[in-house]
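Predicted structure and sequence below. I'll ask about it afterward.
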Amino acid sequence: MTVATPTKIQYEAVIGLETHCQLNTATKIFCNCSTEFGAVPNHNICPVCTAMPGVLPVLNEKVYEYAVKAGLALNCQIAAYSKFDRKQYFYPD
């Protein structure tokens, strides 16, 4: 009779939390496009916004600063390391 032995776990379940908030910045979170409300549709876009091949997003420093300040004001713990996984949405604004 063969006895099954526990196998080593090879995968770890990681559950992400997607949150949305609006910070009062002049530009978007991952590019230099304006956040001006009321602009002509699809006017404040660039290759980064539209996820064109070969472009890489760069985190807006002001967004980072405001997010950390909001976290501290809400008595949250600020992680020393954060990871972004870019979703591929094909709509500009």
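Ah, there it is. Numbers count the residues shown, from 1 in each chain.

quick one: contacts for Asn75?
By Cβ atoms under 8 Å, 6 or more residues apart in numbering, the contact list for Asn75 is empty. All C-beta spots, glycine's among them, are computed from the backbone N, C-alpha and C.

just for the chain, where's the confidence low?
The chain contains residues with pLDDT under 70 at 1-7, 85-93.

give me that answer again for 80
Within the chain, the set of residues satisfying pLDDT under 80 comprises 1-9, 16-23, 51, 83-93.

Going by residue numbers, what spans are helices in it?
Using DSSP state H, the helices of the chain run over 61-73.

In this structure Ala24 contacts Tyr66, no?
In this structure residue 24 is Asn, not Ala. Yes. At 7.5 Å, Asn24 and Tyr66 qualify as touching, with contact defined as Cβ atoms under 8 Å.

measure stretch 21-41 end to end?
By Cα to Cα, to the nearest Å, the extent of stretch 21-41 from end to end equals 21 Å.

who touches that stretch?
Under Cβ under 8 Å, 6+ apart, the answer for stretch 21-41 is 44-46, 48-49, 57-60, 62-63, 66-67, 70, 93.

And the residues you listed, which of them are buried?
Asn44, Ile45, Val48, Cys49, Asn60, Val63, Ala67 (16 or more other Cβ atoms under 10 Å).

Let's have the residues you listed in CSV, adding distance to Glu12.
CSV is the format used below for the buried ones among the contacts of stretch 21-41 (distance: Cβ to Cβ, whole Å):
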residue, distance to Glu12
Asn44, 39
Ile45, 37
Val48, 31
Cys49, 33
Asn60, 31
Val63, 29
Ala67, 26
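
which among the contacts of stretch 21-41 gets closest to Ala79?
Distance to Ala79, by Cβ to Cβ, is smallest for Ala67 among the contacts of stretch 21-41, at 11.2 Å.

and that closest one, how far is that from Cys21?
From Ala67 across to Cys21, the span is 8 Å (Cβ to Cβ, to the nearest Å).

what's the answer for Thr50, then?
Thr50 is 22 Å from Cys21, by Cβ to Cβ.

Right, I'll call it a day here.
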